[in-house]
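K.L.:
The sequence and its predicted three-dimensional model are supplied below.
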Amino acid sequence: MGRRGRSAASPTRRTARSPRYGVRAVRGCMVLEVRDEAGVVLSDPSLEYAEGGRPTPKGKLRYLRVALDPAQYAADALSGPGTDVYETFNLVIRRHGRENNFKAVLETIRGLMSGGADSMYRSIPSWLMPVLLGYGGDASMASYKSPKMKAFASKTLGVTSPNASLDYGDTFLDMDHLRDSFRGCDELVVDGEKIAIPSDVATKTNVSSDRKKYRVKVIENKGQDNKVRVEATSYPFPPGYNGNDIRFTPVQVSAIRSGLSPGLTTIIGPPGTGKTDVAVQIIANLYHSFPTQRTVVVTHSNAALNDIFA
């Protein structure tokens with residue numbers, strides 16, 4: 001029998017690389033800026049919009065200003081080679097910014113859990129945490145229709161009120177699309193004008209072909225009549241803006257409404273049913289409704305993230 005060789009991941013192979021390549025220490029850092037020999041900051045993103053475009057770098061030398069890992073630096077200062085190791089660096093290996101996003105994700109998680117003004121506890125109540133993390137709780141409370149979620153949204157600053165109009169942006173392609181998306185309501189009012197709601201298949205109405213964006217408010221009367229009234233207010237569609245080109249079904253519009261409302265929304269369906277399209281529309285509407293707030297998009301792979309921003 002032949003001798004079985006060591007795998008590429010074996011400890012012997014890994015430790016053998018140090019004397020082979022002369023690597024004595026490896027430390028991590030974050031590149032803050034890159035300058036050329038003339039001192040011009042090459043990493044300044046505003047140079048892309050400067051008159052004449054980005055200038056040609058001077059010379060062949062580059063100067064990097066970096067932020068060291070404070071935890072590793074403290075450990076070096078207390079033991080091992082000390083901080084002298086930072087005077088001997090002669091090789092910099094830099095990853096692409098789009099791939100090296102771990103630090104940004106970690107800082108976001110730390111900020112959400114810090115308990116400050118941007119803490120997740122400010123927008124996510126403690127009784128919803130088990131449902132969000134998937135280890136218990138009453139899942140029905142996560143719905144925007146649940147009384148507990150409505151009560152939380154009504155009294156919590158920064159959370160959309162359950163009675164507020166939701167900005168659907170460019171979700172609807174035309175008036176017929178808007179009307180057909182709320183076929184189950186008893187009354188539809190658009191810009192103060194009552195619109196007929198047919199009970200059969202979708203039909204066309206004689207309306208203006210000018211496309212508009214809409215803010216929609218759904219009023220559910222829990223009294224004796226139990227009627228649902230939908231009030232839509234239009235605002236101008238930007239010229240030269242293509243916008244959404246998908247005629248969402250009423251079920252998909254209902255999912256978009258849930259995504260724009262307080263609470264948790266789960267979209268489930270087989271391939272090709274428009275789950276990604278609905279998610280993209282929700283993200284776009286949230287961004288345009290709250291441009292100063294942050295939206296965290298997490299996917300299981302880079303390919304899935306590309307589908308979101310395609």
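P.N.:
Ah, there it is.

K.L.:
now stretch 45-56: mean pLDDT?
P.N.:
Across stretch 45-56, pLDDT averages out at 78.

K.L.:
right, I mislabeled it, should have said stretch 291-298
P.N.:
The model assigns stretch 291-298 a mean pLDDT of 82.

K.L.:
got the contact list for it?
P.N.:
For stretch 291-298, contacts defined as CB atoms under 8 Å, 6 or more residues apart in numbering pick out Thr108, Ile283, Leu286, Tyr287, Leu305, Ile308. No exception for glycine: its C-beta is placed from N, CA and C like everyone else's.

K.L.:
Among these, which one is most surrounded by other residues?
P.N.:
With neighbours taken as other CB atoms under 10 Å, the top of those is Leu286, carrying 17 neighbours.

K.L.:
Val41: neighbour count?
P.N.:
Neighbours of Val41 using other CB under 10 Å come to 15.

K.L.:
Surely it is in contact with Val34?
P.N.:
Yes - Val41 is within contact range of Val34, at 7.2 Å (criterion: CB atoms under 8 Å).

K.L.:
Surely Lys194 is in a strand?
P.N.:
Yes - with DSSP: H, G, I helix; E, B strand; the rest coil as the criterion, Lys194 is part of a strand.

K.L.:
Among the contacts of stretch 291-298, find the lowest-pLDDT one for me.
P.N.:
Thr108 (68).

K.L.:
returning to what we had before: from the contacts of stretch 291-298, which is closest to Glu87?
P.N.:
Thr108 (33.6 Å; CB to CB).

K.L.:
Helices of the stretch 1-150 of the chain, start to end?
P.N.:
Using DSSP state H, counting those that start in this stretch, the helices of the stretch 1-150 of the chain run over residues 11-21, 70-78, 102-113, 120-123, 129-133, 147-155.

K.L.:
can you tell me which of those the model trusts least?
P.N.:
Of all those, helix 11-21 carries the lowest average pLDDT, namely a mean of 56.

K.L.:
Helix, strand, or coil at Ser234?
P.N.:
Per three-state DSSP, Ser234 ends up strand.

K.L.:
which residues touch it?
P.N.:
Neighbours of Ser234 in contact, by CB under 8 Å, 6+ apart: Val190, Asp191, Lys212, Lys213, Tyr214.

K.L.:
Let me know how buried the closest residue to it other than its chain neighbours is, in neighbour terms.
P.N.:
Among residues not flanking Ser234 along the chain, Lys212 sits closest, at 4.0 Å (CB to CB, 6 or more residues apart in numbering). If you count neighbours by other CB under 10 Å, Lys212 ends up with 18.

K.L.:
Next: Arg95.
P.N.:
Neighbours of Arg95 (other CB under 10 Å): 10.

K.L.:
pLDDT score assigned to it?
P.N.:
pLDDT recorded at Arg95 is 71.

K.L.:
what's the neighbour count on the closest residue to Pro125 other than its chain neighbours?
P.N.:
Excluding its sequence neighbours, the residue lying closest to Pro125 (CB to CB, 6+ apart) is Phe152, at 5.5 Å. Taking other CB under 10 Å as the criterion, the count of residues near Phe152 is 20.

K.L.:
quick one: Phe152 from Ser140, how far?
P.N.:
14 Å (CB to CB, to the nearest Å).

K.L.:
Need the pLDDT of the closest residue to Leu128 other than its chain neighbours.
P.N.:
Spatial nearest neighbour of Leu128, excluding adjacent residues (CB to CB, 6+ apart): Ala142 at 6.3 Å. Per-residue pLDDT puts Ala142 at 89.
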